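*Asks:* Pasted the sequence and its predicted model underneath.
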Amino acid sequence: MDVALARSWVTAIATAVTEQADYLTQLDSAIGDADHGVNLNRGFTAVVAALDTADPRTVGDVFVKTGTTLVSKVGGAAGPLYGTAFRAIGKALPAEGSTVDAAELGAALRAGLAAVQKLGAAVPGDKTIVDAYGPAVAAFEKAADDGLPAAARAAAEAAAEGMRATTGLHARKGRASYLGPRSVGHQDPGATSTWLIFQALADVT
């Protein structure tokens, strides 16, 4: 991955979020504050604008800028969580050099997951973005030796499976946890947007 591909990934995320904003908000209206799609759309629109005026030297710079912008522009839980993830991804990548390989990106994605779990205190099964992010990273790492396109496809497929599995989970973190058993039967909006992020990576590689 080079800087241009990193930019393309973020742009693809923004496009996917814009296209699916109403769906994300619909999911969030069932078990959350009904603002997930609106907030993410605002955030990634701001990210694209910020990157348009930036001159990142490295792939890591692209993701740090993405994360910083999300933290500053997105309300609710999504901004801090996704912003923290992208900042951690960027900081985990090499500070020098114009490209990163699949193994390096996989390790950085793992660092992003750790940052999300530290901030949100969520574990697999809590019905959060972790339920899609965790399997995605594991699948990416497993397929990294086959190259970035293969790893990205594997991650997107695993994220989709994790997303769908949240429907049967009882939420233990976030706004959805207030519903208790009534959260069962609803797909988690955060896991859904996590899948969109990994699917966007698969689409551009």
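*Replies:* Structure's in. What do you need?

*Asks:* Let me know the secondary structure of the residue nearest to Val130 when sequence neighbours are not counted.
*Replies:* On the basis of C-beta to C-beta, 6 or more residues apart in numbering, the spatially nearest residue to Val130 that is not a chain neighbour turns out to be Ala122, at 4.6 Å. All C-beta spots, glycine's among them, are computed from the backbone N, C-alpha and C. The three-state label for Ala122, taken from DSSP: H, G, I helix; E, B strand; the rest coil, comes out as coil.

*Asks:* how deep is Ala122 tucked in, by neighbour count?
*Replies:* For Ala122, the neighbour count with other C-beta atoms under 10 Å is 22.

*Asks:* can you check Val123 too?
*Replies:* Using other C-beta under 10 Å as the criterion, Val123 is surrounded by 13 other residues.

*Asks:* Report whether the expected contact of it with Gln117 is present.
*Replies:* Yes - when contacts are counted by C-beta atoms under 8 Å, Val123 is listed as touching Gln117 (7.1 Å).

*Asks:* if I pick Gly162, what's in contact with it?
*Replies:* Taking C-beta atoms under 8 Å, 6 or more residues apart in numbering as the criterion, Gly162 is in contact with 131-136, 191, 194-195.

*Asks:* let's see 10 Å
*Replies:* Remark: with contacts taken as C-beta atoms under 10 Å, 6 or more residues apart in numbering, Gly162 is in contact with 124, 129-136, 138-139, 188, 191, 194-195, 198.

*Asks:* so of those residues, which ones are in helices?
*Replies:* Here DSSP state H is the test, and the contacts of Gly162 give 130-136, 138-139, 191, 194-195, 198 as lying in helices.
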